[in-house]
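Q: Here is the input, now give the coordinates:
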Amino acid sequence: MEIETLRDVIHWAKKVHLQLSERLSESQEDAVDERAKLVLSYLSTYEKKLVKVLAGFEENGNERALNTWCIEYVTKFKRENGEFSNKSFGELNAQEIISTVVEQHQYLLSLFKFLAMQSVTASTKELMEELISFEEHETMKMVQATNRFEDM
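A: Residues are numbered from 1 along each chain as shown. Take a look at the predicted model:
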C-alpha cells in the first residue's frame with residue numbers, strides 16, 4: 001500500500017493491527033505452552049479492538065489533517081528505520097510474544113512521532129498527538145494485562 005496522506009497512515013496502521021491479530025490467532029495452534037496460548041488469544045482480541053478505534057480516527061478525524069500529504073516523510077522514515085517487521089509467533093514463549101508485539105507497536109509509535117515532528121499545521125499536529133497518545137496508552141494497557149498472565 002502506498003502511503004500518501006495521513007488518512008493512509010491511519011489506514012495502514014489499521015491493517016498492521018488487523019494482520020497482527022490474524023497472525024496471533026493463527027499461531028495459537030503452535031504455541032509452546034498454555035500461557036503462550038492465553039497470551040496469543042488475548043492479544044489477538046486486543047488487536048482487533050485497536051482496529052475499531054483506529055477506524056474511528058479515520059472516519060471522524062479532521063478532514064484537512066487526514067488529507068495532509070506525507071509521502072515524502074513516510075519514505076524518509078522507512079529509509080531511516082526500515083520496514084515493519086512480520087516476525088512469526090510460532091515457537092515463542094509468552095514473554096517473547098509480548099516483547100515482539102510491543103516492538104511492533106513501538107514501530108508505529110516511532111512513525112507517528114516522526115510525522116508529528118514534521119507537522120506544520122495545528123490540525124495535523126493535533127491528529128498525530130492523539131494517535132501517539134492512543135498508541136502509547138493502549139500499548140501500556142496491553143502490557144499490564146498480559147503481565148497478569150505471569151501470575152497464573
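Q: Need the phi and psi values for the spatially most central residue of the chain.
A: Residue closest to the average C-alpha location in the chain (Cα atoms, centre = their mean): His105, at 4.3 Å. For His105, the backbone dihedrals (degrees, to the nearest 10) come out as phi -70, psi -40.
Q: Give the other helices and strands that the lowest-mean-pLDDT helix or strand in the chain contacts.
A: Ranked by mean pLDDT, DSSP states H and E, the helix or strand of the chain with the weakest confidence is helix 71-81, at a mean of 88. In terms of contacts (3 or more Cβ pairs under 8 Å, 6 or more residues apart in numbering; DSSP states H and E), helix 71-81 is packed against helix 94-118. C-betas here are computed from N, CA, C, even on glycine.
Q: List the contacts of the helix it packs on.
A: The contact list for helix 94-118 (Cβ atoms under 8 Å, 6 or more residues apart in numbering) reads 6, 9, 13, 16, 20, 24, 33, 35-36, 38-40, 43, 47, 70, 73-74, 77, 81, 84-85, 87, 89, 92, 125, 128-129, 131-132, 135-136, 138-139, 142-143, 146-147, 149-150.
Q: what pLDDT, on average, does the next helix-or-strand element following it get?
A: Next helix or strand after helix 94-118 toward the C-terminus (DSSP states H and E): helix 122-147. For helix 122-147, mean pLDDT rounds to 96.
Q: got the buried residues for helix 122-147?
A: Residues 123-125, 127-128, 130-132, 134-135, 138-139, 142, 146 are the ones in helix 122-147 that count as buried (16 or more other Cβ atoms under 10 Å).
Q: and which of these is nearest to Leu66?
A: Leu127 (7.2 Å; Cβ to Cβ).
Q: residue contacts, the residue nearest to the closest one when sequence neighbours are not counted?
A: Spatial nearest neighbour of Leu127, excluding adjacent residues (Cβ to Cβ, 6 or more residues apart in numbering): Ala65 at 4.2 Å. For Ala65, the contacting residues are Leu6, Thr121, Ser123, Thr124, Glu126, Leu127, by Cβ under 8 Å, 6+ apart.
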